[in-house]
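A.B. asks: prediction below, plus the sequence it came from.
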Amino acid sequence: MSAAFVMERRPELMSRAAHGDSSSFASLIEPLLDPAFRLAAVMLEDRSAAEDAVQEASIKAWRKIRQLRGDVASLRPWFLSIVANECRMTRRRRWWSVVRMAEVPPESDSTEQTAGAMSTDLRRALIQLAPSDRVPLVLHFYLDLPLDEVARALGVSPSAAKSRIYRAARRLRSNLTLEEVF
Amino acid sequence: MSDKSFRRELNAAMDEMTAAPSPALRDRVRASLAEAAPERRGPFWIAGLVAAAIAVTIIGVLFVANPGNRHPVSVPAGSTGPSPTPTAQPTATAFTCSTNPISASSPSTAVIPIDALRTGAHPGYDRLTVEFAGGEPSSTTAQPQSGTTFTLSPSGQPVTLAGQNGILITLHGTDLHTDYQGPLDIVTGYTGLVEVRRVQDFEGVVQLALGVNGPVCFQASSLTNPTRLVIDVQAG
């Protein structure tokens, strides 16, 4: 199903999803999987974990679909906020960790990953940011969401969202001015 | 630095961290949505009453029986101790796994029902997710074995699953009949994890047998909210 077709049929798909049609819901969120994955990948620094988080977030969104009450315009920020929450959850300490490793990963793998991860100053600074600071940056700069959608995804007012974006950007580049960010 | 160059540099840095999701993500999401059901809505006043009653009960129980927070489950003596949580790997060749038995325990004493069993195929591994309704089981072990013949309990009858080798997951302090309504024998059709079957659901102990193609090579981890046990089996 093409993105344009989905956009055109969103109200109908939303109505069907609200009545329990999982296929309609899947069609609605398919265009959002890519931005959701990118958000999760930046937050978790692990592509496979990011895919898991998006999958889990999709299930949670589906279970809560009636919260939207048919508001198609809120779908994207609402879904991305669920993805961000899922990523926070993933990062928290797990109640148990049980693996006894039979094979230790080769040293060279981790070295290569580390070298790759530190390939640029900005990327290094980004990784050092708290996840709560990364989210507004991803939403605003990377996913190009309008300020009101960033605000809805963060669950704050537009002015608070603007403040959080600016504050996080300044943590990456301390000499940035407000005009350079917005 | 101009806005454009900051934005360009930042986006380039984020590009390095993300790339595109795997083409299988869409199918994974569709499959998991088909298995899950949206929350049902009943009359609001009933829901409100029920929620209030549950909240009062939970608060009372927590206050009287367990005023502190739950503690992380410790790995029993004899094991090498908690290792870093397994990180899902981006490629099949990078899958790092164990061939040894694993175990964990929790201070939980209540019987926490299992409310979902899900399977999924991922690049390099297949996954079984066991979802619990509101807590964790009191103990969990995963025992790899040669062959796929297991013993049904309490009948004692042997049962043979698909695949060449197996893993027996034993969960204490849970059940598979209070909330769970799905199939008790799941034949996946995947390349690694080929079958999941309940072999015991009796007196608060659930055993799940896993049929695996090839040598057993697996990871175990947990996720929260809801609490889930995740078993990843290497797939060819």
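C.D. replies: Looks like it arrived, so ask away. No experiment lies behind these values; they were computed from the predicted model shown.
A.B. asks: contacts and neighbour counts: CA atoms only from here.
C.D. replies: OK.
A.B. asks: now residue 35, nearest residue through space, not along the chain?
C.D. replies: Let's take chain A. A:Leu143 (6.5 Å; Cα to Cα, 6 or more residues apart in numbering or on different chains).
A.B. asks: sorry, should have said chain B
C.D. replies: B:Arg118 (8.0 Å).
A.B. asks: which of the helices and strands in chain B ranks last by mean pLDDT?
C.D. replies: Within chain B, confidence by mean pLDDT, DSSP states H and E is lowest for helix B:44-65 among all helices and strands, at a mean of 58.
A.B. asks: who are the packing partners of the helix or strand that that one is followed by?
C.D. replies: Counting by DSSP states H and E, the element after helix B:44-65 in chain order, helix or strand, is strand B:102-105. Strand B:102-105 sits against strand B:139-146, with contacts defined as 3 or more Cα pairs under 8 Å, 6 or more residues apart in numbering or on different chains; DSSP states H and E.
A.B. asks: for the strand it packs on, buried residues please.
C.D. replies: Buried positions in strand B:139-146, judged by neighbour count with 16 or more other Cα atoms under 10 Å in any protein chain shown: B:Ser139, B:Thr140, B:Thr141, B:Ala142, B:Pro144, B:Gln145.
A.B. asks: okay, now the sheet partners of that strand, with direction.
C.D. replies: strand B:102-105 (antiparallel), strand B:165-172 (antiparallel) (DSSP bridges).
A.B. asks: with mean pLDDT, mean neighbour count and distance to A:Ser27 added, can I get those strands in TSV?
C.D. replies: Formatted as TSV, these follow (pLDDT from 0 to 100; neighbours: other Cα atoms under 10 Å in any protein chain shown; distance: least, Cα to Cα, whole Å):
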stretch	mean pLDDT	mean neighbour count	distance to A:Ser27
strand B:102-105	71	22	40
strand B:165-172	93	23	36
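A.B. asks: any idea how far B:Gln143 is from A:Lys64?
C.D. replies: Remark: distance between B:Gln143 and A:Lys64 (Cα to Cα, to the nearest Å) = 37 Å.
A.B. asks: distance of the nearest residue to B:Ala142 once chain neighbours are set aside relative to B:Val205?
C.D. replies: Spatially, and ignoring its direct neighbours in sequence, B:Ala142 is nearest to B:Ile169 (4.5 Å; Cα to Cα, 6+ apart). To B:Val205, B:Ile169 is 10 Å away according to Cα to Cα.
A.B. asks: ok, now B:Ala104?
C.D. replies: 15 Å.
A.B. asks: which of the helices or strands spans the residue nearest to B:Glu35?
C.D. replies: Using DSSP H and E, B:Arg118 falls in strand B:112-122.
A.B. asks: for that strand, packing partners?
C.D. replies: Packing partners of strand B:112-122 (3+ Cα pairs under 8 Å, 6+ apart): helix B:24-35, strand B:125-132, strand B:174-175.
A.B. asks: could you redo the last one with a cut-off of 6 Å?
C.D. replies: Contacts defined by 3 or more Cα pairs under 6 Å, 6 or more residues apart in numbering or on different chains; DSSP states H and E place strand B:112-122 against strand B:125-132, strand B:174-175.
A.B. asks: and the ones you listed, which is most packed in?
C.D. replies: Each of those was scored by mean neighbour count; the highest is strand B:174-175, a mean of 26, by mean count of other Cα atoms under 10 Å in any protein chain shown.
A.B. asks: quick one, phi psi at the closest residue in space to A:Leu32 that isn't next to it in sequence?
C.D. replies: Sequence neighbours aside, A:Arg76 is the residue nearest to A:Leu32 in space, at 6.9 Å (criterion: Cα to Cα, 6+ apart). Per-residue torsions, A:Arg76: phi -60, psi -60 (degrees, to the nearest 10).
A.B. asks: the one 3 residues further on too?
C.D. replies: Its backbone dihedrals place A:Phe79 at phi -70, psi -40, with angles given as degrees, to the nearest 10.
A.B. asks: pLDDT of stretch A:143-155, averaged?
C.D. replies: Averaged across stretch A:143-155, pLDDT comes to 91.
A.B. asks: so for it, what gets flagged as buried?
C.D. replies: A:Leu143, A:Leu145, A:Leu147, A:Asp148, A:Glu149, A:Val150, A:Ala151, A:Arg152, A:Ala153, A:Leu154.
A.B. asks: got the contact list for the fourth one?
C.D. replies: So that's A:Asp148. A:Pro158 (Cα atoms under 6 Å, 6 or more residues apart in numbering or on different chains).
A.B. asks: go again with 10 Å.
C.D. replies: A:Pro77, A:Leu154, A:Val156, A:Ser157, A:Pro158, A:Ser159, A:Ala161, A:Lys162 (Cα atoms under 10 Å, 6 or more residues apart in numbering or on different chains).
A.B. asks: which of these lies closest to A:Arg91?
C.D. replies: Nearest to A:Arg91 out of these is A:Leu154 (Cα to Cα; 17.7 Å).
A.B. asks: that closest one contacts A:Ser81, correct?
C.D. replies: Yes: with contact defined as Cα atoms under 10 Å, A:Leu154 counts as touching A:Ser81 (6.3 Å).
A.B. asks: and A:Ser159, that's in a helix?
C.D. replies: Yes: secondary structure of A:Ser159, determined by DSSP: H, G, I helix; E, B strand; the rest coil: located in a helix.
A.B. asks: that one: how many residues sit nearby?
C.D. replies: 12 (other Cα atoms under 10 Å in any protein chain shown).
A.B. asks: check the one 3 residues further on too.
C.D. replies: Using other Cα under 10 Å, the number of residues around A:Lys162 comes to 21.
A.B. asks: any idea which element it lies in?
C.D. replies: helix A:158-172.
A.B. asks: and the helix or strand that that helix is followed by, what's buried?
C.D. replies: With elements assigned by DSSP H and E, the helix or strand that comes after helix A:158-172 is helix A:178-181. Buried residues in helix A:178-181, counted by 16+ other Cα under 10 Å: A:Glu180, A:Val181.
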